[in-house]
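Asker: please work out how this folds:
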Amino acid sequence: FNTQQGKLLRTILFGVKRVTANNLETFAFILFLLVFAVAAAGYVWYYGTMDPSRNRYKLFLECTLILTSVVPPELPIELSLAVNTSLLQLSKLSVFCTEPFRIPFAGKVEILCFDKTGTLTSDDLVVEGIAGLNTQDDTNWKDGICPVDKAPLESIQVLATCHSLVQLEDGLVGDPLEKATLQAVDWNLTK
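Answerer: Presented below is the predicted three-dimensional model:
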């Protein structure tokens with residue numbers, strides 16, 4: 001059970017890093033609140049000192065209370081609770097997270113690319129097609145991906161020749177993605 005898959009499952013089931021609220025966004029949020037608190041405390045101090053009958057000590061305490069109430073004591077607990085709630089919701093959808101403290105950053109993701117190279121099942125890659133081609137008949141393509149058999153000859157030639165694969169006695173050696181691409185375009189490499 002000391003395989004890569006076993007290590008991944010152990011990481012998912014028994015994560016070692018704690019979820020904390022110590023990140024840059026939390027500090028930026030507190031700094032944002034602090035700006036308003038300083039403005040409010042300054043306002044109270046300025047107009048409070050105009051009244052000579054007012055006790056300066058109580059006025060100072062009120063300004064200090066305004067400044068200290070900016071950082072709610074339960075903020076770290078609330079942020080940790082939000083991450084843990086997200087973990088529970090993701091696990092109900094059979095999505096397991098190895099690093100829960102990265103969940104807040106997932107809200108910023110616009111494009112997500114998976115490179116599943118046999119982490120859980122096999123080491124075989126399957127080429128679905130070529131993305132980024134601008135041709136006349138791209139309306140029939142699924143999600144803008146041109147099937148390899150309908151790609152222009154120039155694109156096939158680029159895919160077949162731009163690689164770092166080497167033919168040795170043991171067979172083709174190199175990046176698995178480049179091997180799969182060469183196989184998908186139905187070309188082979190010779191010495």
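Asker: every contact and neighbour count from this point should use C-alpha atoms.
Answerer: OK.
Asker: show me where the chain has its strands.
Answerer: Taking DSSP state E as the criterion, the chain carries its strands at 130-131, 145-146, 166-168, 171-173.
Asker: give the partner strands of the third one in its sheet and their orientations.
Answerer: With DSSP bridges as the test, strand 166-168 is paired with strand 171-173 (antiparallel).
Asker: tell me the gap between the strand it pairs with and the middle of its chain.
Answerer: 34 Å (C-alpha atoms, centre = their mean, to the nearest Å).
Asker: let's test this: mean pLDDT of it, rounded?
Answerer: Averaging pLDDT along strand 171-173 gives 84.
Asker: residues in contact with it: which ones?
Answerer: Residues outside strand 171-173 that contact it (C-alpha atoms under 8 Å, 6 or more residues apart in numbering): Leu165, Val166, Gln167, Lys179, Leu189.
Asker: next up, the contacts around the fourth one.
Answerer: Residues near Lys179 by C-alpha under 8 Å, 6+ apart: Leu165, Leu172.
Asker: any idea how far it is from Leu153?
Answerer: 19 Å (C-alpha to C-alpha, to the nearest Å).
Asker: just the first one next, same as before
Answerer: If you measure Leu165 against Leu153 using C-alpha to C-alpha, the figure is 21 Å.
Asker: low-scoring pLDDT stretches of the chain, where are they?
Answerer: Applying pLDDT under 70 to the chain flags residues 1-2, 4-5, 8-23, 113-124, 135-140.
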